[in-house]
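> Quick check, what structure comes out for this input:
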Amino acid sequence: GLKVLSVLLSFVLLFSLAIPAMAADLQTPFDDSQFYHQGDYSIHYRVIEPEGESKGNILFLHGFFYSGESFKPMADLMSDAGYTCVLVDLPNFGYSTRENADTELIPRETLVEGLMEELAPGEGWIVAGQSMGGGVALNIACDKPESVQALLLYAPTPINAVSDGMKNLMTSDFMGGMLSVMLKIAVRLTCLVRLMMYMATMDWDYSMQYDLSTLIDPLTVDGSGLGMMYMAANARPTDYAALAELKMPILLVRGDKDLVVSGSMSAEMDQALASAEKVTVEGAGHMLNETHAAMLSEQALAFLAENVG
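The predicted model follows:
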């Protein structure tokens, strides 16, 4: 509860220091931007089509603070190999809807499942997720095992339940107002953001060359701070018993220098996903899906060729 909240506030504060004053464009963030609508939600996504006939559909779900762009390097490579790749911005991130007291809440799993059905009715999906996105991917696999052909998990983090008292604090006007102000601070201390990037990637050269706009531009969207709190307060927790029942092929990849996923978190996930193929990437941090995109794409393609066809 309090530990999770303190971590969220720390990350929001650090990243807010580098956010420019200009708000991001919600209408056309990319030339190929598309939006899926359900209830009060508008979910931003991009489709990367392969040349020729598609081998299958891959849905990519990003981690906390990031957007679908974090999987763009892998998606480009896997599209080149023949897969239709869909990059999704989960609610409160990227260019999707920010939740607040006026939002009739819909679980993010339900939203993503609706998008999957709209894009490819009745077809199977390969679902890839990093960090928070890995937790969401696992929930979707539990909901729709008949629709998920395989899971590609990169440093997945479990989702924890939040008490009612903590929910009230996290979604209060005070908390939302404070975070909204923090997220609009126009102080360009990019050195702090680079440092946070290094902690996530464990690759200083990569962090120094990283295009920070892909990270910080979406954080200028109005309501981002409060939306993140609503997301954290209402997120569906991980059901480890349900994970143990999953039958589809699962590739679980972690970096040996990951500073985010603790040993106990990994152990609990490994126990629940006993049949998963587990790989540890030497020298990789938490954002290994970006820093090691070429290696992980090649690995994933081999895994899919062997297990999905």
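> which outside residues touch the strand or helix carrying Pro73?
Pro73 belongs to helix 72-80 when assigned by DSSP states H and E. The contact list for helix 72-80 (C-beta atoms under 8 Å, 6 or more residues apart in numbering) reads 48-50, 58, 60, 85, 87, 128, 289-290, 293-294, 296-297, 300-301. For every residue, glycine as well, the C-beta is placed using N, CA and C.
> If we use 7 Å, what do you get?
Residues outside helix 72-80 that contact it (C-beta atoms under 7 Å, 6 or more residues apart in numbering): 48-50, 58, 60, 85, 87, 289-290, 293-294, 296-297, 300-301.
> What about Asp239, how many residues nearby?
Asp239: 15 surrounding residues under other C-beta atoms under 10 Å.
> Do I have it right that it meets Cys142?
Yes. Contact status for Asp239 versus Cys142: in contact at 6.4 Å, counting by C-beta atoms under 7 Å.
> Just the ones in helices from the contacts of helix 72-80, please.
By the criterion of DSSP state H, membership of the contacts of helix 72-80 in helices covers Asn289, Glu290, Ala293, Ala294, Leu296, Ser297, Ala300, Leu301.
> Farthest pair within those residues?
Glu290 and Leu301 (17.5 Å; C-beta to C-beta).
> who has more neighbours, the two?
Remark: of Glu290 and Leu301, Glu290 carries more neighbours, 25 against 17, as counted by other C-beta under 10 Å.
> where's that one relative to Glu117, distance?
From Glu290 across to Glu117, the span is 29 Å (C-beta to C-beta, to the nearest Å).
> Doesn't Ile159 lie inside a strand?
No. Assigned with DSSP: H, G, I helix; E, B strand; the rest coil, Ile159 falls outside any strand and is coil.
> List the contacts of it.
The contact partners of Ile159, by C-beta under 7 Å, 6+ apart, come to Gly135, Ala235, Arg236, Pro237, Thr238.
> residue ranges for the strands of the stretch 101-250 of the chain, please.
125-130, 148-154, 250-255 (DSSP state E, counting those that start in this stretch).
> quick one: strands adjacent to the longest one?
Pairing partners of strand 148-154, with direction, according to DSSP bridges: strand 125-130 (parallel), strand 250-255 (parallel).
> most packed of the ones you listed?
Comparing these by mean neighbour count (mean count of other C-beta atoms under 10 Å), strand 125-130 ranks first with a mean of 28.
> outside of that one, which residues touch it?
Strand 125-130 is contacted by residues 56-63, 70-71, 116, 136-137, 140-141, 147-156, 289, 304, 308 when judged by C-beta under 7 Å, 6+ apart.
> and if you look at stretch 237-250?
Identification of contacts with stretch 237-250 by C-beta under 7 Å, 6+ apart yields 135, 138, 141-142, 145, 148-151, 153, 158-161, 268, 272-273, 276-277, 307-308.
> mind redoing it with 6 Å?
Identification of contacts with stretch 237-250 by C-beta atoms under 6 Å, 6 or more residues apart in numbering yields 135, 138, 141-142, 148, 150-151, 158-161, 272-273, 276, 307.
> ok, and the most crowded of the residues you listed?
Comparing the contacts of stretch 237-250 by number of neighbours (other C-beta under 10 Å), Leu138 comes first, having 29 neighbours.
> Can you read off the pLDDT for it?
With respect to pLDDT, Leu138 has a value of 98.
> Repeat that for the one 3 residues further on.
Ala141 is assigned a predicted lDDT (pLDDT) of 98.
> my guess is it meets Gln149, correct?
No. Ala141 is beyond contact range of Gln149, at 10.0 Å (criterion: C-beta atoms under 6 Å).
> The nearest residue to Gln130 once chain neighbours are set aside and Gly129, how far apart?
Sequence neighbours aside, Tyr154 is the residue nearest to Gln130 in space, at 4.2 Å (criterion: C-beta to C-beta, 6 or more residues apart in numbering). Computed as C-beta to C-beta, the Tyr154 to Gly129 distance reads 7 Å.
> again, but for Tyr198
Counting by C-beta to C-beta - Tyr198 and Gly129 are separated by 23 Å.
> do Asp89 as well
Per C-beta to C-beta, Asp89 is found 13 Å from Gly129.
> and what of Glu306?
In this view, Glu306 and Gly129 are 20 Å apart by C-beta to C-beta.
> next one: Val281
For Val281, the distance to Gly129 - C-beta to C-beta - is 16 Å.
> Could I get the pLDDT score of Leu14?
43.
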